[in-house]
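In: build the 3D model from these lines:
(one chain, ligands or ions: 1)
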Amino acid sequence: MNEAVYSTHLTSHISHLTSMFPSWRWFGPSDPVSLQDVRQAGATGIVSALHHIPNGQVWEREEILKRKAEIEAAGLQWSVVESIPVHEDIKKRTGNFRQYIENYKTSLRNVGACGIPTVCYNFMPVLDWTRSDLAYVVEDGSEALRFDMKEVAAFDLFVLQRENAASGYSAAMLASAEKWFRAADPAEINRLTRNIIAGLPGSEESYSVEDFRRTLETYAGITADVLRAHLHAFVQEIAPVAEEAGVKLAIHPDDPPFPMFGLPRVVSTAADVEALFAAADVPANGLCFCTGSFGARADNDLPDMFRQLGHRTHFLHLRQVQLEPDGSFYEANHLEGSHDVYAIMREIVLEEQRRNVQLPMRPDHGHRMLDDLCKAGSNPGYTAIGRLRGLAELRGLELGTLRGL
Ligand code: DNO
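Out: Here you go, the predicted model:
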């Protein structure tokens, strides 16, 4: 056998060729997945946020440094803040929005001063990401997250009873939503309601049906154009501060990337992102390229989008969705689903070489599988083993892609 096999040469060759910065979302000390688990999964970067700080308040340096020290004590590096949440007042430009923008700038300066290079955020009104089923059993027995259009429509029409809701759905969708609702028992309806409005992991908001209805009303008159103008005005203020603080901003796309419950969406397509880049033309004004979020629209061609938007992409969320004809989707294994993962990976690797950067990448979500199926208290989408599988598969694909260039 060739002597080289026994030397470290091969391993160092491999790590030299790995271009992404393998990262992992960690919700902080209460996360059932420990930092040691993360190391064993093969990630070296941590994506984390100070969830205990109320939305809108300043992240003080002391608090940031405390979390950073904890991460570093485990031999890991805090690669990305996900997220500093954007207060609803900023999205609507009402109430205390001026103060909240000032606080946001201070937080960015503090994050930069503490040496964390990237901050992810989103501009989705009212709800962060949305799913209807958190335990959709796929054919191998593992559980995936699912967005079922007829169930979401049933919630909208019959639980929320939103005025004019029916005008947002096709006749066929109205019929299947009604059929589903008539057959569903109260426990199912309750579960669906909670899944949609009680707040998924990482969301900063949680509502009762009554609160949700009231909050939706506060968006009356906020059309897509108005929300877009508010986003651009916000980014025009914070991007120069981020630039100066040495922080790269990475906006997370809408998940899913289409209007829901009458709320507009403005970060769903390449055109939306191009307009945002143009609104504040500095490198710090960038994107979190989330393949699963953009990928929930059949008309988003992901490799094409990456070719177009990669130059300002500062963070990667990699996962796959399986699309269905009525607009529903579920989260497929990381290398399966409706999009060509190899073609996307190729664009990523080429862009990283062009820019000579290692983009932080986290395997976004994963199925609940194996031992995790027996554990209580895991965060939907954020179990250890499903993400470990995703990370391993993605890193293998990356290495193969690099070697094959
Ligand atoms: C879901 C996540 C989102 C994301 C925020 C970013 O799994 O990708 O909650 O963190 O939208 O601000």
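In: list the contacts of Phe234.
Out: Contacts for Phe234 (Cβ atoms under 8 Å, 6 or more residues apart in numbering) come out as Val86, Ile90, Ile101, Phe123. Every residue, glycine included, has its C-beta placed from N, CA and C.
In: ok, now with 7 Å
Out: Residues in contact with Phe234 (Cβ atoms under 7 Å, 6 or more residues apart in numbering) are Ile90, Ile101.
In: just the element for it, please.
Out: helix 224-245 (DSSP states H and E).
In: helix, strand or coil: sort out the closest residue to Pro240 other than its chain neighbours for me.
Out: Spatial nearest neighbour of Pro240, chain neighbours left out: Val282 (6.6 Å); criterion: Cβ to Cβ, 6 or more residues apart in numbering. Classification of Val282 using DSSP: H, G, I helix; E, B strand; the rest coil returns coil.
In: confidence score at Val282?
Out: Looking at Val282, its pLDDT is 98.
In: hmm, Ala239 and it touching each other?
Out: Yes. Between Val282 and Ala239 there is a contact under Cβ atoms under 7 Å: 5.2 Å.
In: compare these two (neighbour count), which wins?
Out: Ala239 (24 against 16; other Cβ atoms under 10 Å).
In: tell me which residue in the stretch 251-400 of the chain sits closest to the ligand.
Out: Closest to the ligand within the stretch 251-400 of the chain is His252: 3.6 Å, counting by Cβ to the nearest ligand atom.
In: where are the low-confidence patches of this protein?
Out: 1-18 (pLDDT under 70).
In: which positions in it make contact with the ligand?
Out: Selection of the chain residues close to the ligand by Cβ under 6 Å from any ligand atom yields Glu82, Ser83, Cys120, Tyr121, Asn122, Asp128, Trp129, Gly202, His252, His317, Gly381.
In: excluding chain neighbours, what is closest to the fifth one?
Out: If I follow you right, that is Asn122. Per Cβ to Cβ, 6+ apart, closest to Asn122 is His252, 4.1 Å.
In: next, count neighbours for the one you found.
Out: Neighbours of His252 (other Cβ under 10 Å): 23.
In: surely it touches Cys120?
Out: Yes. Contact status for His252 versus Cys120: in contact at 5.6 Å, counting by Cβ under 7 Å.
In: quickly list what's touching both of these two.
Out: Cys288.
In: put the alpha carbons of stretch 398-405 into CSV.
Out: Only the C-alpha atoms of stretch 398-405 are listed here, as CSV (Å, rounded to 0.1, in the frame of the first residue of the first chain):
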residue,chain,number,x,y,z
GLU,A,398,-18.5,19.7,-1.0
LEU,A,399,-15.3,17.7,-1.0
GLY,A,400,-16.3,15.7,-4.0
THR,A,401,-17.3,18.9,-5.8
LEU,A,402,-14.0,20.5,-5.0
ARG,A,403,-12.0,17.5,-6.1
GLY,A,404,-14.0,17.3,-9.3
LEU,A,405,-13.5,20.9,-10.4
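In: filter the residues of the chain next to the ligand down to just the ones in strands.
Out: Among the residues of the chain next to the ligand, the members found in strands (DSSP state E) are Glu82, Cys120, Tyr121, Asn122, His252, His317.
In: please report how far the residue nearest to Asn122 lies from Leu373.
Out: 28 Å (Cβ to Cβ, to the nearest Å).
In: what sits against the residue nearest to Pro240?
Out: Val282 neighbours (Cβ under 7 Å, 6+ apart): Ala239, Pro240, Glu243.
In: go again using 10 Å as the cut-off
Out: Going by Cβ atoms under 10 Å, 6 or more residues apart in numbering, Val282 touches Val235, Gln236, Ala239, Pro240, Ala242, Glu243, Glu244, Leu249, Arg312.
In: and what of Leu316?
Out: 20-21, 23, 80, 250, 287-291, 306, 310, 344-345, 348, 352, 359-364, 394.
In: quick one: which of the ones in strands among the residues of the chain next to the ligand is nearest Tyr219?
Out: Among those, Asn122 lies closest to Tyr219 (Cβ to Cβ), at 15.7 Å.
In: test my guess that that closest one contacts Pro257.
Out: No. With contact defined as Cβ atoms under 10 Å, Asn122 does not reach Pro257; the gap is 11.5 Å.
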